[in-house]
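Enquirer: curious how this folds, go ahead:
(one chain, ligands or ions: 1)
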Amino acid sequence: MLHTLNAVIVGEAAAAVDPLTAEGIRPSIYSGVKAAAALDQALAGNPDALQGYTDVMYQEWGADMQWAQRIARIFYRMPGVGYRVGIKRPTATKRLGQLLAGDIHYADIANRVLKRFGGSLIPGRG
Ligand SMILES: Cc1cc2nc3c(=O)[nH]c(=O)nc-3n(C[C@H](O)[C@H](O)[C@H](O)COP(=O)(O)OP(=O)(O)OC[C@H]3O[C@@H](n4cnc5c(N)ncnc54)[C@H](O)[C@@H]3O)c2cc1C
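Expert: Down below sits the predicted model:
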């Protein structure tokens, strides 16, 4: 929960950090923008506005970060494999750019990425 009766918690204090890239500036600004919109609604008399902030942060940020967390857990545990599967591939830079731009989400690529990690553990593959 990122809100209480008359307050919201934003940015890094709200754990708005990408666990794979450690990027924190963009998510902090993102949560700040969402919090400002919710506070504006709350001041206008909407009693559910702050709950809406918690909800939107979970749906639009937190849910995807669970996928980032799953990838990060494997990536940082096996940096050699991570480099081969995630960094060295020519498409990796493009995908990361798309992720940072918000054009795609971790959920869109997680299954493929995790499968590649799995495949690379089998001798002769990856
Ligand atoms: C070494 C380092 C490198 C990083 N590199 C990157 C990067 O390349 N890209 C990226 O996206 N992220 C990076 N991050 C993470 C990013 O800096 C943070 O996630 C982001 O700045 C968090 O923003 P914020 O506004 O939530 O908090 P902050 O930027 O930490 O701002 C909080 C502010 O509140 C102030 N404050 C604290 N307590 C009080 C108080 N009691 N009263 C008044 N003011 C108070 C602090 O002084 C501070 O100015 C890096 C972090 C570190 C430490």
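Enquirer: can you get me a residue count around residue 100?
Expert: 13 (other C-beta atoms under 10 Å). For the C-beta atoms, the positions are set from N, CA and C on the backbone; glycine is no exception.
Enquirer: could you say what helices and strands whatever helix or strand it lives in packs with?
Expert: Here residue 100, judged by DSSP states H and E, is contained in helix 90-101. Applying 3 or more C-beta pairs under 8 Å, 6 or more residues apart in numbering; DSSP states H and E, one finds that helix 90-101 makes contact with helix 106-120.
Enquirer: recalculate using a threshold of 7 Å.
Expert: Using 3 or more C-beta pairs under 7 Å, 6 or more residues apart in numbering; DSSP states H and E as the contact test, no helix or strand touches helix 90-101.
Enquirer: what's the angle from that helix to helix 106-120?
Expert: Angle, helix 90-101 to helix 106-120, by axes from the mean of the first three to the mean of the last three C-alpha atoms, to 10 degrees: 150 degrees.
Enquirer: buried stuff in helix 90-101?
Expert: 95, 96, 99 (16 or more other C-beta atoms under 10 Å).
Enquirer: alright, that wraps it up for me.
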